[in-house]
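**Q** can you look at this prediction? I've put the sequence above it.
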Amino acid sequence: MNVEIKDAGDARKIVNVTFDSDEMSSKGKEVCREFSRMANIPGFRKGKAPEQVIRKRFAKEIQQELTRKVSTSAYEAVLAEKDIKVYSILKVEPGNVSSESSASIEVTVDIISDFELPKYEEFELTVHPTDVSDEDVEKELNSLRDQRASFDEVDRASESGDYVKCSYEGTLDGSPVAELLPDKPMYGKQTNTWEEAGQAKGLGVDAIAQAVVGMKKDDKKDVEADFPDDFEVAPLAGKKVNYSLEVHEVREKKAPDAEDENFLKSLKAESLEDLKKKIKDDLVSRKERENIDGKRSQITQKILELPDFPLPQQAVEEESKAIFQSNIQRAAQQGAKQEDMESKKDELWKEAQTQALARVKITIMLGQIAEIEKVEVTNEDLAQAATREAMMMRTDPNTYVQELVKDQVRLNRLRQDILHDKTLELMSSKTKEKLAEAEEKTTETKEKPAKTKKKKTK
């Protein structure tokens, strides 16, 4: 057997595997013997029929089996070839195969090009302090109280922090904004929407949220909203819009007392101190998880910043198609119009290709590191990951696993994801850490009245 490798583009090779006539004759006899052992031919005991009878009786089947065997041998020879590292076999072309002459099998493969693995032990990754202050605990406690707040209707003028059901309609230079921005009704016309009185959200019409302060049920007023010159919605940038506003209902937000028995019971806490301890432990775990995720993200970014190398063409193409389809589906689910997606098709495809190149590069580099570090995916790893996916999809785990086993593509993708996750975890454990300075974060939690089913359309 002779193996000849030729270039066929970036990260692609054509490998010609040639078998001489003696090898082909030997393989032909081997196939004939296999048929002879299985064949039932009248007048002969099983396995005793002469070779020429077998060849005549099963000529077509023998030719097919010989071609399969030779193709498989070529396939295995390519995989065993030390001069290339095969990423995927694209095509096996046997040509004319005969047991009476030499045969050449052409195998097209995408390969993993040579590249320098990163010295990830020298990576310096930023982590954040996991200390939790009493102030952090109090903020989280207040957030939990807000989440369980009641919203009682009140017969008075609204105050800052109240929730107000209202309707409004805007005009710009005498024309309805709703006609100017039909896909952004929050700036044009809203019916029975909720506003948190006095709270500038940075999303929507802040002037409305400010204007409802001091208004009560059935009150009406005209409101002027000045949009800044750099406002993200271009038709409104630098413009003044007049809104007619009407209030339909005012509700006062009442958060439960931190020591309320029902509040503590809902959080499975025996006392306020017990709840604070649980909150603190949860915040510590959350910060530790954020550090782990942050380190993995930094490792991924460092890999992407490494010098590029030729990537398997088909892998990039398939990944591009998958990302493109996923982005199209997501846009459709978010309400994007078909004509808009069609007009941006080229832009979306280029974006998908960029993401695909990054994803394949990371896949190859992590795969090589996993091989060096002897990272493996066990059946237990697969079972746990499949169970987690099933629970996230609210599907019976046993049924989900049975379906997954039948879908080799999905199973291989899951195995690859697990391998990458375990590899990133191992790399993360070997890197250097740099402690970042603590940053003060302010998080505002805004809740809408639980009793209303109306939601503001954004």
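**A** Happy to help now that I have it. A quick note: this is a predicted structure, and the numbers were derived from the prediction, not measured.
**Q** hey, where'd the strands end up in the stretch 151-300 of the chain?
**A** Here the stretch 151-300 of the chain has its strands, by DSSP state E, counting those that start in this stretch, at 163-172, 175-176, 189-196, 220-226, 240-254.
**Q** I meant the stretch 351-458 of the chain, not that one.
**A** For the stretch 351-458 of the chain, strands defined by DSSP E, counting those that start in this stretch occupy the ranges 432-435.
**Q** going by residue numbers, what spans are helices in it?
**A** Along the stretch 351-458 of the chain, counting by DSSP state H, counting those that start in this stretch, helices occupy 379-392, 397-406, 408-430.
**Q** which of the ones you listed has the lowest mean pLDDT?
**A** Sorting those by mean pLDDT places helix 397-406 lowest, at a mean of 87.
**Q** which parts of this protein belong to which domain?
**A** Domains of the chain are assigned by automatic domain parsing as 2-111, 150-254.
**Q** endpoints of the longest one, how far apart?
**A** Think domain 2-111. Distance across domain 2-111, first residue to last, is 20 Å (Cα to Cα, to the nearest Å).
**Q** for the shortest one, same thing?
**A** For domain 150-254, the first-to-last residue distance is 5 Å (Cα to Cα).
**Q** for the record, mean pLDDT for it?
**A** For domain 150-254, the mean per-residue pLDDT is 93.
**Q** could you shift the numbering so residue one becomes 41, and keep it that way?
**A** Taking 41 as the first residue, the last one we looked at is domain 190-294.
**Q** now it, how far from the chain's geometric center?
**A** Centroid separation for domain 190-294 versus its chain: 36 Å, with Cα atoms, centre = their mean, to the nearest Å.
**Q** could you list the low-confidence segments of the stretch 291-440 of the chain?
**A** For the stretch 291-440 of the chain, no stretch is flagged by pLDDT under 70.
**Q** please redo it, this time with the cut-off set to 90
**A** Residue ranges of the stretch 291-440 of the chain with pLDDT under 90: 369-384, 432-440.
**Q** tell me which of the strands of the stretch 191-340 of the chain approaches residue 440 most closely.
**A** With Cβ to Cβ as the measure, strand 229-236 is the member of the strands of the stretch 191-340 of the chain nearest residue 440 (38.6 Å). Backbone N, C-alpha and C define where each C-beta goes, glycine included.
**Q** got the angle between that closest one and strand 280-294?
**A** Angle of strand 229-236 versus strand 280-294, following axes from the mean of the first three to the mean of the last three Cα atoms, to 10 degrees, is 40 degrees.
**Q** in strand 229-236, what counts as buried?
**A** For strand 229-236, a neighbour-count test (16 or more other Cβ atoms under 10 Å) marks 229-230, 233-236 as buried.
**Q** how about stretch 158-172?
**A** By 16+ other Cβ under 10 Å, the buried positions in stretch 158-172 come out as 158, 160, 163, 165, 167, 172.
**Q** next, count neighbours for the residue nearest to residue 311 when sequence neighbours are not counted.
**A** Distances taken as Cβ to Cβ, 6 or more residues apart in numbering place residue 304 nearest to residue 311, at 6.8 Å, with adjacent residues excluded. Counted with other Cβ atoms under 10 Å, the neighbours of residue 304 add up to 18.
**Q** quick check: the gap between residue 304 and residue 316.
**A** Applying Cβ to Cβ, to the nearest Å, the value for residue 304 to residue 316 is 11 Å.
**Q** quick one on the thing from earlier: dump the domains of the chain into a markdown table; add distance to residue 368 as well.
**A** Below are those laid out as a markdown table (distance: least, Cβ to Cβ, whole Å):
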| stretch | distance to residue 368 |
| --- | --- |
| domain 42-151 | 25 |
| domain 190-294 | 18 |
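**Q** closest to residue 457 out of those?
**A** Nearest to residue 457 among these is domain 42-151; the distance by Cβ to Cβ comes to 17.6 Å.
**Q** can you list the residues that contact stretch 394-411?
**A** Applying Cβ atoms under 8 Å, 6 or more residues apart in numbering, the contact partners of stretch 394-411 are 127, 152, 155, 157-158, 160, 340, 343-344, 346, 348-349, 351-352, 355-357, 359-360, 362-363, 415, 456, 459-460, 462-464, 467.
**Q** so which of those residues are in helices?
**A** Residues of the contacts of stretch 394-411 located in helices (DSSP state H): 340, 343-344, 355-357, 359-360, 362-363, 456, 459-460, 462-464, 467.
**Q** residues contacting the nearest residue to residue 332 once chain neighbours are set aside?
**A** Of all residues not flanking residue 332 in the chain, residue 468 sits nearest, at 6.9 Å (Cβ to Cβ, 6+ apart). Residues near residue 468 by Cβ under 8 Å, 6+ apart: 165, 332, 335-336, 339.
**Q** try 7 Å
**A** With contact set as Cβ atoms under 7 Å, 6 or more residues apart in numbering, residue 468 has these partners: 332, 335-336, 339.
**Q** what does residue 312 give?
**A** Residues in contact with residue 312, defined by Cβ under 7 Å, 6+ apart, are 298-299, 304.
**Q** now residue 432: how far from residue 439?
**A** For residue 432 relative to residue 439 (Cβ to Cβ), the value is 14 Å.
**Q** returning to that earlier point: in helices only, show me the contacts of residue 312.
**A** Reading helices off the contacts of residue 312 with DSSP H, I get residue 304.
**Q** ok, so of the contacts of residue 312, who is nearest residue 276?
**A** Within the contacts of residue 312, the smallest distance to residue 276 is 42.5 Å, found for residue 298 (Cβ to Cβ).
**Q** so the closest one touches residue 185, yeah?
**A** Yes: when contacts are counted by Cβ atoms under 7 Å, residue 298 is listed as touching residue 185 (6.4 Å).
**Q** pull out the buried positions in stretch 328-338.
**A** Buried, per 16+ other Cβ under 10 Å, within stretch 328-338: 331, 334-336, 338.
**Q** what do you get for stretch 364-376?
**A** Within stretch 364-376, the residues scored as buried using 16+ other Cβ under 10 Å are 364, 367-368, 371.
**Q** looking at these, which is nearest residue 424?
**A** Checking those against residue 424 with Cβ to Cβ, the nearest one is residue 367 at 29.5 Å.
**Q** what's the most distant pair in the buried residues of strand 229-236?
**A** Most distant of the buried residues of strand 229-236, by Cβ to Cβ, are 229 and 236, 19.7 Å apart.
**Q** how many other residues sit next to residue 141?
**A** Residue 141: 12 surrounding residues under other Cβ under 10 Å.
**Q** contact partners for it?
**A** Counting by Cβ under 7 Å, 6+ apart, residue 141 touches 61, 64.
**Q** for it, helix, strand, or coil?
**A** At residue 141 the chain is in coil, as set by DSSP: H, G, I helix; E, B strand; the rest coil.
**Q** and stretch 59-79, average pLDDT?
**A** When pLDDT is averaged over stretch 59-79, the result is 89.
**Q** now find how far off-centre that stretch is within its chain.
**A** On Cα atoms, centre = their mean, the centre of stretch 59-79 falls 50 Å from the chain's centre.
**Q** which outside residues touch it?
**A** Taking Cβ under 7 Å, 6+ apart as the rule, stretch 59-79 contacts 41, 87, 89, 91, 94-95, 98, 101-102, 105-106, 109-110, 138-139, 141-143.
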